[in-house]
Structures are given as C-alpha cells and as structure tokens.
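Kindly generate the corresponding structure for this input.
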Amino acid sequence: MDIILEILKQNDAKKLYEFELENRAFFEKMVPERGEDYYHFETFQIRHNELLEEQRKGQPSII
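Numbering: from 1, shown residues only. Modelled structure (predicted):
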C-alpha cells in the first residue's frame, strides 16, 4: 500500500469535516473532546483556516 502525505489545502475542508464526523467516536477515545461546536461546519471551517495559516507560517499545530 502506498501512503502519500500532502499539505492541507482549503478545498480539503469538506472531506476532512466529513471524515471527522464519521470517526468522531473513535477520535474522542484518543484525544480530548473538542466540544460540540467543533462539529458544526462553520466552526470547523474557522479551525481549518487557522490550521492553514499555521501551516503557511511553518508553525507546528496541536489539534
């Protein structure tokens, strides 16, 4: 199996959001709960944009 890592892009938001929703129960067992707001697309989009900005600046991101 080939695994390819790519930098996060603006147009990744919708699919990443859907992935987060589908796997919410799993993630909440592994990482601290992100709060109900995180699972509203408008809030998710704000966080996604923040991650893109951190990535652009070369700053590490802690999710």
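
So residue 9 versus residue 16, what's the distance?
10 Å (C-beta to C-beta, to the nearest Å). (Glycine included, C-beta is placed from N, CA and C.)

How about residue 51?
10 Å.

can you list residues touching both of those two?
Counting by C-beta atoms under 8 Å, 6 or more residues apart in numbering, the common neighbours of residue 51 and residue 16 are residue 8.

coming back round to it: looking at residue 9 and residue 16, which has the bigger crowd around it?
The neighbour comparison of residue 9 against residue 16 (other C-beta atoms under 10 Å) goes to residue 16, with 15 against 11.

give the contact list for residue 1.
By C-beta under 8 Å, 6+ apart, the contact set of residue 1 is empty.

Which secondary structure state does residue 4 sit in?
Under the three-state scheme (DSSP: H, G, I helix; E, B strand; the rest coil), residue 4 adopts coil.

how close does it get to residue 44?
From residue 4 to residue 44 the distance is 24 Å (C-beta to C-beta).

So between those two, which is more surrounded?
Neighbours per residue (other C-beta under 10 Å) separate residue 4 from residue 44, with residue 44 holding more: 19 against 4.
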